[in-house]
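**Student:** build me a model:
(chains A, B, C, D and E, ligands or ions: 4)
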Amino acid sequence: MLTRILSGDMPRSRALSLVLLVIFLCLAFAPFLFPGTRSLETAARISVFIALAASYDLMLGYAGIVSFAHTMFFGMGAYGVALACENMERGFLPVVVGTLAGALLAAAVALVIGLFSLRVRAIFFAMITLAVASAVAVLVSQLSAITGGEDGLSFSIPRELTPAFRFAEGKLLGASLNGKLLNYYLVFGGSLVIFLGLLRVVNSPFGRVLQAIRENDFRAEAIGYRVVAFRTLATCLSAACAALAGSLFAIWLRYVGPGTAMGFEIMIDVLLMVVIGGMGTLYGAAIGATLLVLAQTYLQEVMAGAAETTAGLPLLPDLLNPDRWLLWLGLLFIASIYFFPSGVVGRLRQARRPAGRT
Amino acid sequence: MTELAPEHRPTFSRASLADRLSPHAPVLLLLALAALGWLAIDQQSSWLTLTVSGLAMGMMIFTMAAGMTLVFGLMDVINFGHGAFVSVGAFVGVTALMLMPGMTAEASIWLNGFAVLLAVACAMLATGVMGYAFERVIVRPVYGAHLKQILVTMGGLIVVEQLIYVLWGPVEIFIERPAAFQGAITFAGAALEKYRLVAVALGLVVFLALRLTLKRTRIGLIVRAGVENGEMVQALGYRIERVFIGVFVAGSALAGLGGVMWGLYEQVITAHMGQETMILVFIVIIIGGLGSVEGCFIAALMVGLLQNYVAFLAPKAALISNIGLMAAILMWRPQGMTPVVKAK
Amino acid sequence: MTDPVLETKGLTIRFGGHVAVDHVSCAFGAGELTAIVGPNGAGKTTYFNLISGQLPATEGQVLLEGRDVTRASASTRTHLGLGRAFQLTNLFPSLTVRENVRLVAQSKARKGFDMFSMASRHPELIEAADHALERVRLTRLADQTVSALSHGDQRKLEVALLIALQPRVYMFDEPTAGMSMDEAPVVLDLIAELKAEGGHAILLVEHKMDVIRTLADRIIVLHNGALAADGEPAEVMASAVVQEAYLGKEIADV
Amino acid sequence: AGAASAEIRIAHVYGKTGPLEAYAKQSHTGLMMGLEYATGGTMEIDGEKIVVIEKDTQLKPDQGKALLAEAYGDDDVALAVGPVSSGVALAMLPVAEEYEKILIVEPAVADSITGENWNRFIFRTGRNSSQDAISNAVALGKEGVKIATLAQDYAFGRDGVAAFKEALAGTPAELVHEEYVPTDTTDFTAAAERIFNAMKDLDGSKKLFVIWAGGGNPMSKVNAMDPSRFGIEIATGGNILAAMPAYKEFPGMEGATYYYYEIPKNPINDWLVEQHEARFGSPPDFFTAGGMAAGLAVVEAIKKAGGTDTEDLIAAMEGMEWQTPKGLMKFRAEDHQALQSMYHFKIKVDPEVEWAIPELVRELTIEDMDIPIRN
Amino acid sequence: MSEPLLRLEGVFTDIEQYHILQGVDVAVPAGEVTMLLGRNGAGKTTTLRTIMGLWRARQGRILLDGRDIAALPTPVIARAGVALVPENMGVFSDLSVEENMVLAAVSGPLDRARLDWIFSVFPPLKTFWKLPAGNLSGGQKQMLSVARAVCEERKLYLIDEPSKGLAPAIVGTLVKALKDLKAAGATILLVEQNFSMARALGDHVAVMDDGRIVWTGAMATLAADPALQEKLMGLSMEGGHG
Ligand SMILES: Nc1ncnc2c1ncn2[C@@H]1O[C@H](COP(=O)(O)OP(=O)(O)OP(=O)(O)O)[C@@H](O)[C@H]1O
Ligand SMILES: Nc1ncnc2c1ncn2[C@@H]1O[C@H](COP(=O)(O)OP(=O)(O)OP(=O)(O)O)[C@@H](O)[C@H]1O
Ligand SMILES: [Mg+2]
Ligand SMILES: [Mg+2]
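**Tutor:** Ligands and ions are numbered 1, 2, ... in the order given. Now for the predicted structure:
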C-alpha cells in the first residue's frame, strides 16, 4: 500500500525515513503542535516550497536541465489566482479558474521556451531562461495597471479561508478553529498531492527515460527516444506543478508581488533547497525545502543571541550581526555542497544504489 | 616507408560561398548594425553620439564579460560569483582613488590617469587574490559539475556581497571621476564624453592583450583540452590545476578592472552593482559563443550599439532589445556567433 | 531477389568542401550479412551515420523497406527497425548494466511516455533485458554500473542493446575492436546466430580479415567515400583496389 | 498578561536587511530618538514602559505581512510602525485592517498607501510622492520656464510625473516633454539625445526635471553630455546625504527637499542634530527625521487617547497636530496623511563639506501646497 | 641482463572499492618492446594507468631508472620521459589535429622532420590538419593518439591497443613505425590484442590475468608454442591469417 503511494521509491534508510516522517507529522499537525502566527506561516511556506522544489528537481535532478525560469512559472500560478480573485466576484470559482489558467499558461510558455531552446545544451538553456525570466519580471512591473507593478496585489479569497470565518467555537489544542486553519490544510493537502504526483512521475518509465537522457542524450535518441520531446514534456510538467504550488502560495498569502512570486532570490532559494537536499531524489527536495525555510525564518534569532555573547570582540559582532544572516546562510550552503555532495539524502542513505551523478 | 601507406586522397569539392563567408559574418553583422542605425536616425550628430557612446558601453561590458568568458568558455566553469568580483573591484578601486585626492582633484591627464591606473592595479590585485582563494576553496571541488558550480559560486556571491557590507557598510558610495575625465568634448555637434573615450581605449587594450596571450601561448589550448580530458593533459606533462588557477585569477582580475571602470562610469557603487550587470554579461557571452574572446568582444559592441539605437528610436522596445538580439542570434547559430568550445 | 530491406540511393555528405560519402548506392537484403571495409577515413562510419540518421544527407535517399526515411529523425528510424551499435562505445555510464538494456526494451515497447505507472511494475521489460544480457554473457555483471566495466565488456553491452531492440537491420561498427581473442568469439558467434535466424539484414564494419572471411556473404569496399567494389568475399579480396589500398602488405612478412 | 499591561509594546516592522538597509538604520534610530525625546528619556508613558519590538521584512512583502500579523496577533502590540518600501507597505495594509490595529507608515512614499489602498487603520507620518512632486513643481514653476521630465518607466515614475504635471498646471511654467526609460537603465545617452532634440529649438529658460529612485545616477550622466549647449539646466528633488556629493556638479541647481539637517529651525531639530552628532558622529538624515516624527506621533497619540485602545487612538490621531524635527505636522482626517513643510533649496558647493549643501530658499508650508486626497 | 628501464614491484591498485591490481611484478628492459597481453578485464589498462600515475598504487614500487615514481604527480612522470597512448585514445575533440599535436610537443615547437615522418605513417593527419579532432574517423583518432605520443623523443612509451580500429595496411605501417621508434632506442610497453602484430613487434611478453602477471618470457618462446598460447589467452580462432 505505502509502496504504491510512494511509487515504490522507498527512502531505503532508517535515518531518512525517520526524518521524512518527522517532517510529515510536524506539517500535518502544525496548527496544533506549534500554535502562533509565525509557526503556522512557516509550516505553510515549507509545504509550498516542498512542492516547488520537488517540481524543480524533476527538471534539475532527473532531466538534468538547468532552468532559471522556474519562479516565473511559480509566479504565473500565483498571479493567475490573484488576478482571478481581483477581477471576478469573491468565491471559490475564481480560485479554481485562476489556478487552472496559471498552470495552463505555465505549461504553454514552457512548451515555447522548450521547443525554442532545448536543442542547445544545458548552460545555454540556463542562461536563456535567466534572460526570459528577467524580461517577464520587467514586464510584470511594466503592466502595473493589471499586475499592480512593483507593489503587487493584495486580494481577497473566499471568506471560508480567512480568520474571520469560524466554523466552530473555542479552540482545539490552542488552535482556533477558523478559516485560516482550513486554508492551511488546503495548502498542505495540495502540496502533498503535487509531491506524490511528482514522485510517481519520476519513478515511471518516463522518469527513467529522463535519467537516460541526462546521462547521454545522443544515445537516448539513438535507441528511439525523441530527446527534445522528452525534455520539453518534462519542462512543461514541472512548470505546471510549479504554477500549482504558486497558486497555493498566493491563496495562503492573499498577496502576490514580483519579489514574492517571481524574484530571483526565490529562484536561488529553490536551487539551494534542491541541492542541499540532494538532487535526483524528491525526498531531497522535501528536506532541503524544510531546512532552508527554517534557516531563513529562525537564523536571525540565533545570530542575535550570538552577537550578544561576542559583543566587545573585534569584527566578530559585526559578522554575527543579525543583519548579516545572509552571510551565514551563504557559508552554510557552500559548506553543505562539500560535506553532502549528494545532498542530505545522499548522506543519509550512504550510496546504496549507484544513483545518477551529474 | 611511404610506400607502405595506402594512398589516401579524399575527394574535395569547392566550398560554397556561404562556407567561406561565415567566419567573417559577425564582423559584417556589426557593421550592418551601425549602417542600419545611420539610415534610421536622421540627425547625424545624434547618430555619432549614440554610436560612440554605444561602442564605449560595449567596451565596458566587454571588460566585465571578458573574465567570465575566459573562465566560463575555457574552463567550463560558470562563475556566478563574477558579479561579486566586479563589485569588490569597484570598491577597492574607488577606495584607492579616494585616498589620493591630491592626484584626482585638479585636471591633469597624467596625474589623473596615473591615479586611475593605480586604483585599477589595486583592484586587480585584490580581485586576483580573491580569485585565487575562490578557486581553491569554492570552485576547485566542483569542476565539471555545472549545477554545483552555479550553486556554489552563487553562494560565494552572497557571501562576498555580505562581506562588502561588513567592511564598507551598507550605504552606497557616490564618487566623482578624476577632473580630467569629467565632461565631454563636442565634435561635429555631438558631445563625446571624455570618460567613454578612456573606456574605449582600455577595452581595446584588454581585448588585444587577451587575443595575444591566447594566440601566442599554449595556455588557451591547455585549458580547453583540460576541460575535455584533464587526465590526458596531465599525461602530456602539464600541471593542469596550476594553469586553471592562473586563468581563474586572470579572469577575476579582469572582473576587478571592469568593476573600477563601471564604478567610475556609474559614479555610485553598491555591493550588488556587479550582480546587476550579470544578465547583460551573460547575454553577451551567449551571443558571442562560449569562450570566444572575439565573439564576446563583437557581441558586446553589438549590444552596446543596439541598446542605444533602440532606446533612441523606440524607448519602449529598449527593454527587450537585448533578449531579442540573443534570440535572433541563437536561431541563426545555436552555439552563439563564434563558439570556441561547444556548450556542454 | 526479394526487394531489399535497406537501400541507399546516391547517398552523399559534404563537410565544408570534403566529400566524406560520395554518391553511394547500395541495397541490402534480408538474411544477408554485408561486410563494409575500407581504409580509415573511407567513410564507413559516416555512411552508417547517414543511414541511422545521426547526420543529415547532403544528397540522396535512404529507403527502409521501400519507405523513404531520409528526413526522419534517428529515433523514428530506430522505431522503424534500424538498429545500430557504435564504433566508440557510447552508453549510459552511471546507470547499471541491466538498466541500460531495460531502457532499450522499454523504447521497443514504446512505454517511454508512460508517466503514471511504476517502472518497477513492468517485469516483461526486465525479462527482455536479462535475456539480451544472457546472450552476450553479461548476466553476472547486470548490477554493475557501466563505468566500472572493462572495455571489452562495454563492447558486449553495446551489442546487447542492439539485441534488445530486435531491429530489421543490424548495423555493427567494429564490434570486436579491442576485444581479446577469447572474448571476441562471444560477439562473433552471436552475429552468426542472428544471421542464421534470417529475416534481417546485417551490416558489419570490420578491419579483421579473418572475421570477415568467416562471416560475410558479401563485401562492399568504400574508398575515399565512394563505392570501390561490391561482391563475393573471395573476388573482392582479390581485387587490386583492396589489395594495395586496404590490405597493404601483410604484417607477418614485414 | 499582568506584565504585558504594565508595558506598551510597539512593533517596528521594516527592511533591516536588503538594498535599503541604509534607510532602515536611519529610520530606526529616528524612531527611538523620537520616543526618547517625547518621554523625556524615561521611555515611559505615565508609568508604562515602552517596548519596541524589531522585525525584519528583508524587503519581502510576504514577510512583511507575516511579521505584522505576528506582531498584532502573537506579540499583541498596541500599534506598529514601518516599513521602508512601498511594496511591503501596500502588502501590510490589509493586515492592519484584519487585526483592527493601527499601522503608522514611515517612510514608504507611494501615494496609494493613503490613496486607493488605504483603510482607516493606516496613518502616515512620512511624505507621499505627491508632496514631493508638488513641492518641486511649486519650486520650479516660474514664468516662461519650459520643463522636460526624465523618469523611470514604471508606476512610481509615471505617478510622480503625473502628480508633478498636475501641480505644474497651477503655475505659469509649461511641461514640454516627458521621457521615460527602463527602471534599470544605466546609459542615458539615447534619452538625453531625445530630450535635447525636443528642447533645443525652444527659447526661455529650460529645465530638465529628473524623478529617479535607486541607482543609475542619470543626472550627472546627462550632465556629462553638457546640456548647457542647448541652455538646458538639470533640476531634481533633494536626496539623502550619501547622494548629495553627486549634486556638487550642479551648483545653483534648484528643487524641493524633504529634509536637510541645517534647514529646519526648531528645538526638536536642534536636539536631534546635536544628539545625533554626539552619538553617531554624523548629522541626522531624511529617515532619521522621519522616524523621529513617527516616534513623537506615537507618544503624542497614546497620551492624547489616554490608552492603547485602537478606536480611541484613531479618534485621537485624526486631525492630531504635533511638533517634529520638521516643525508642525498634522494628520488630516480624510486620509490620515501627515501634512508637513517641504523646503525649496538652491545648491551651494563648499569644498570643505564633502557633499553639496542645499540652502533654504523658502519653506513651503502646509498652506503653500494643496495635496490632493486620493482615497 | 642490465637493470631494466622500468620495473614494477608488487603493485596493488584499487579503483573505488574494487581491488584491480593484485601484486603486479614486471620489468621493461631498456631499448626493447615488451608486450602486455591478457583477456579483457585482466588489468592491462589499469597497469598502464598506474604507471602513469592516473590511478594510485595502494602499495608496491614503480621504478623508472631506479627512481620510485609511484607517488609522483602525473605531469612529473610525463616530464620524466613517459608517453601514454590511452585505451580511449584521449584526443581533444574540441581542438584541431594541429592543436592536439602542438600540445603534445611539450618541450617546444613541433619538430618538422619528425612531423614529416609522422605524416608518412599516417597520411590522413596531414589531410585533416586543421579539422577538429572530434570529427576524425575512429581510426584517424587512433592515429592522432599515437602520433601525439611519438611527436617527441621519450624514454618510455606506454601504448594501449594501438591497432584497435586500424585498417590492416595502416596496422602494417604502424608496426613499421614502432620498429623505427625502437631502432631509435626507445623503450615500449605495448598492450595489444592483435596477436600477429604482437608477434611482429614484441621481444618480451608478460601475460596478465585477474590483476596478476601469470607468465613472462621471450616472445619467441610464446610464438613457438600454440599450446601455451591456447592456455594463456585461448587464442582459439587465431588460425591462419594472410
Ligand atoms: N573505473 C572503474 N571502476 C571500477 N572498476 C573498474 C574501473 N575501470 C576498470 N575496472 C575494472 O578493472 C578490471 C581491469 O580493467 P582494465 O581496463 O585494466 O582491463 P583490461 O585488461 O584493460 O581489459 P581490456 O582488454 O578490455 O581493455 C576490470 O574488471 C574492470 O571491470
Ligand atoms: N563532422 C565531420 N566534419 C568533418 N569531417 C568529418 C566529420 N565526420 C567525419 N569526417 C571525415 O569523414 C571521413 C570519413 O570518416 P569515417 O568516420 O566515416 O571513416 P571510417 O571509414 O569510419 O574510418 P575508420 O575505419 O577509421 O572508422 C574522415 O576523413 C573524417 O575526417
Ligand atoms: Mg569508423
Ligand atoms: Mg584495456
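**Student:** what about the strand ranked longest in chain A, distance to the chain center?
**Tutor:** What stands out as the longest strand in chain A, according to DSSP state E, is strand A:166-172. Its chain's C-alpha centre and that of strand A:166-172 lie 31 Å apart, by CA atoms, centre = their mean, to the nearest Å.
**Student:** go on, stretch C:19-32?
**Tutor:** Distance, stretch centre to chain centre, for stretch C:19-32: 14 Å (CA atoms, centre = their mean).
**Student:** and for stretch A:274-289?
**Tutor:** Here the centre of stretch A:274-289 is set off from its chain's centre by 10 Å, with CA atoms, centre = their mean.
**Student:** go on, stretch D:301-318?
**Tutor:** Averaging C-alpha positions (CA atoms, centre = their mean) puts stretch D:301-318 24 Å from its chain's average.
**Student:** again, but for stretch E:74-92
**Tutor:** Relative to its parent chain, stretch E:74-92 has a centroid offset of 10 Å by CA atoms, centre = their mean.
**Student:** so that stretch, near chain B or not?
**Tutor:** Yes. Using CB under 8 Å from any CB of the partner chain, stretch E:74-92 comes into contact with chain B via E:74, E:75, E:78, E:79, E:84, E:86, E:90, E:92. (Glycine included, C-beta is placed from N, CA and C.)
**Student:** could you look up the SS state of the fifth one?
**Tutor:** Spelled out, it's residue E:84. With DSSP: H, G, I helix; E, B strand; the rest coil as the basis, residue E:84 sits in strand.
**Student:** what's the burial count for it?
**Tutor:** Neighbours of residue E:84 under the rule other CB atoms under 10 Å in any protein chain shown: 30.
**Student:** just list the residues touching residue 83, thanks.
**Tutor:** With no chain named, the answer covers chain A. Residue A:83 is in contact with A:98, A:146, A:147, A:153, counting by CB atoms under 8 Å, 6 or more residues apart in numbering or on different chains.
**Student:** oops, I was thinking of chain E
**Tutor:** E:149, E:150, E:152, E:154, E:156, E:157, E:158.
**Student:** got CSV for those residues, with distance to residue E:226 too?
**Tutor:** Formatted as CSV, these follow (distance: CB to CB, whole Å):
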residue, distance to residue E:226
E:149, 32
E:150, 33
E:152, 40
E:154, 35
E:156, 31
E:157, 29
E:158, 29
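**Student:** look up phi and psi at the nearest residue to residue D:20 once chain neighbours are set aside.
**Tutor:** Closest residue to residue D:20 apart from its sequence neighbours, by CB to CB, 6 or more residues apart in numbering or on different chains: residue D:84 at 4.8 Å. Note on residue D:84: backbone dihedrals following degrees, to the nearest 10 are phi -80, psi -40.
**Student:** most neighbours among the residues of stretch E:74-92 next to chain B, which one is it?
**Tutor:** Most crowded among the residues of stretch E:74-92 next to chain B, counting by other CB under 10 Å, is residue E:84 at 30 neighbours.
**Student:** that one and residue E:50 touch, don't they?
**Tutor:** No. Between residue E:84 and residue E:50 there is no contact under CB atoms under 8 Å: 11.3 Å.
**Student:** hang on, the earlier thing: least confident pick among the residues of stretch E:74-92 next to chain B?
**Tutor:** Within the set of the residues of stretch E:74-92 next to chain B, pLDDT is lowest for residue E:90 (89).
**Student:** where in chain C is the helix or strand with the lowest mean pLDDT?
**Tutor:** Every helix and strand of chain C was ranked by mean pLDDT, DSSP states H and E. The lowest is helix C:240-241, at a mean of 72.
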